[in-house]
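Engineer: coords please:
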Amino acid sequence: MGKVLDHTGGKRAESLPSGMIEGKELEEEVEKAILVCAILGKKRSEAEEHLAELELLAHTAKISCMAQVTQEREKIDPATYLGSGKIEEIAVLADQLEAELLLFDDELSPSQGRNIEKITKKRVQDRTGLILDIFAKRAHTREAKLQVELARVEYLLPRLTGMWSHFTRQKGGVGLKGDGETQLEMDRRMTKTRISELKKEIEKLGDQREIRRRSREKYFRVSLVGYTNAGKSTLLNALTDAGTYTEDQLFATLDSTTRRIPRSEVLLADTVGFIRKLPHTLVASFRSTLSEIKEADLLLHVVDVSHPTFLDQMAITDTVLNEIGAGDIPAILVLNKSDRLPDCIVGKLQRRFPEGVFLSAKEKKGTKELVEKIREMAELPIETAKIPFGSEKQLADFYKLGRVLDVRYGEEFIEVDFRRLRSKSSKA
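Structural biologist: From the prediction side, this is the model:
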């Protein structure tokens, strides 16, 4: 049995037959929503953590979360996600709480979204759509705006059918081409054309990025990576006085910012944060921006060590890094916000992550130790090696050793200039 808390004073509303519902209040929000999550295999506590993160995303998008609904299932219902009976219960709850939006933690198929909207008469959105909306609001540079638009139209393309289904019902019969079908085909063609245009524009900007990258080759390049809201932009400001926008909310930074660490030949780049269930369309669209990470000599894996699930967030970051081809780049583990923890907990974590740097970017405590570690790695000498023709496979070994700076093909040998870097810090 579940319960709903009345937002005017804690009065209980009607109980529902199954699921868990808990009301929460957020002030000064625009749209009211109910959050929905299926529990498949994962523990209830894990589902609650997923919903807590979804609520933070909703808050970032100015959405007020009126209630949370979960249901334990063996598998997702292919037609309505939770089954039509449960969806009808959620529709009743939405009417009671005057919620206009149903927000699902998992990505819905186009048909699931259409069926749920048909049953509930409410607007339906999934986590992917919500993240895309947030990215659209936070993008400032032309490149970021184009990348987000590309991700959104690719997400929209298979969902166009539902937008024109009312026309096909009204005018299109079996074997006939009605106005709705004609409009749908036109929209699909226009959307595909727009996708092609966006890819070309992004490719042009990628060429400009490549020119900027070549101008920075003489520098030692460091990229900040990590889960969203881990404190990457705050750390960039602490190390470089960049003045980058920071806020205690998800995806405060989308646009890549690069600054030089004072009195050094080190460039430090801030990049977009990662998150659980990061939409694949976004990863693909932000390929050129994420190339900042792939081209780095060193990664600073920033972790909010005060977060109760920071180990999961570390694992998710590592997964995304592997997906974009940056999993083998040397990294320093930066355990941020350690000032929020008791000394005894910090001591235990220091024993678990002996090579990690514990600091507070906001208070600028521990940042000197981090800068020294970066400088030590940046000052490692550039070495040159010769590989005989016929042994080209050895070239891959140098990419594993560190950063390959130049490859020259002579008459008898392949010459490789590389900087040997220390191995990645322990993350387990």
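
Engineer: make it CA atoms for all contacts and neighbour counts henceforth
Structural biologist: Fine.

Engineer: tell me the confidence at Val4?
Structural biologist: The score at Val4 is 44. That number is its pLDDT.

Engineer: Ile39 and Ile316: what is the separation?
Structural biologist: For Ile39, the distance to Ile316 (Cα to Cα, to the nearest Å) stands at 20 Å.

Engineer: next one: Asp297
Structural biologist: For Asp297, the distance to Ile316 - Cα to Cα - is 21 Å.

Engineer: next: Thr191.
Structural biologist: Distance from Thr191 to Ile316, by Cα to Cα: 32 Å.

Engineer: kindly report the same for Leu380.
Structural biologist: Counting by Cα to Cα, the gap from Leu380 to Ile316 is 30 Å.

Engineer: more crowded one of those two?
Structural biologist: For Leu380 versus Ile316, the count of surrounding residues by other Cα atoms under 10 Å is larger for Ile316: 19 against 12.

Engineer: what residues does that one make contact with?
Structural biologist: Tyr227, Phe274, Ile275, Arg276 (Cα atoms under 8 Å, 6 or more residues apart in numbering).

Engineer: just put those residues in CSV and tack on pLDDT.
Structural biologist: Listed next are the contacts of Ile316 as CSV, based on pLDDT from 0 to 100:
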residue, pLDDT
Tyr227, 95
Phe274, 90
Ile275, 90
Arg276, 90
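
Engineer: and the residues you listed, which is closest to Glu376?
Structural biologist: Tyr227 (25.7 Å; Cα to Cα).

Engineer: hang on, the earlier thing: among the contacts of Ile316, which one sits closest to Phe358?
Structural biologist: Of all those, Tyr227 has the smallest distance to Phe358: 16.5 Å, by Cα to Cα.

Engineer: which residue packs closest to the closest one, ignoring adjacent ones?
Structural biologist: In space, and not counting its chain neighbours, Tyr227 is closest to Phe274: 4.6 Å by Cα to Cα, 6 or more residues apart in numbering.

Engineer: tally of neighbours for the one you found?
Structural biologist: As a burial measure, Phe274 scores 24 neighbours (other Cα under 10 Å).

Engineer: counting neighbours, which of the contacts of Ile316 comes out on top?
Structural biologist: Tyr227 (26 neighbours).

Engineer: how close does that one get to Arg259?
Structural biologist: Distance from Tyr227 to Arg259, by Cα to Cα: 21 Å.

Engineer: the stretch 1-150 of the chain: helices as residue ranges?
Structural biologist: 44-60, 84-97, 110-120, 127-138, 142-156 (DSSP state H, counting those that start in this stretch).

Engineer: out of those helices, flag the one nearest Gly347.
Structural biologist: Nearest of these to Gly347, taken as Cα to Cα: helix 44-60 at 25.9 Å.

Engineer: average pLDDT for that closest one, rounded please.
Structural biologist: When pLDDT is averaged along helix 44-60, the result is 91.

Engineer: how about it: buried residues?
Structural biologist: Within helix 44-60, the residues scored as buried using 16 or more other Cα atoms under 10 Å are 44, 47-48, 50-51, 53-60.
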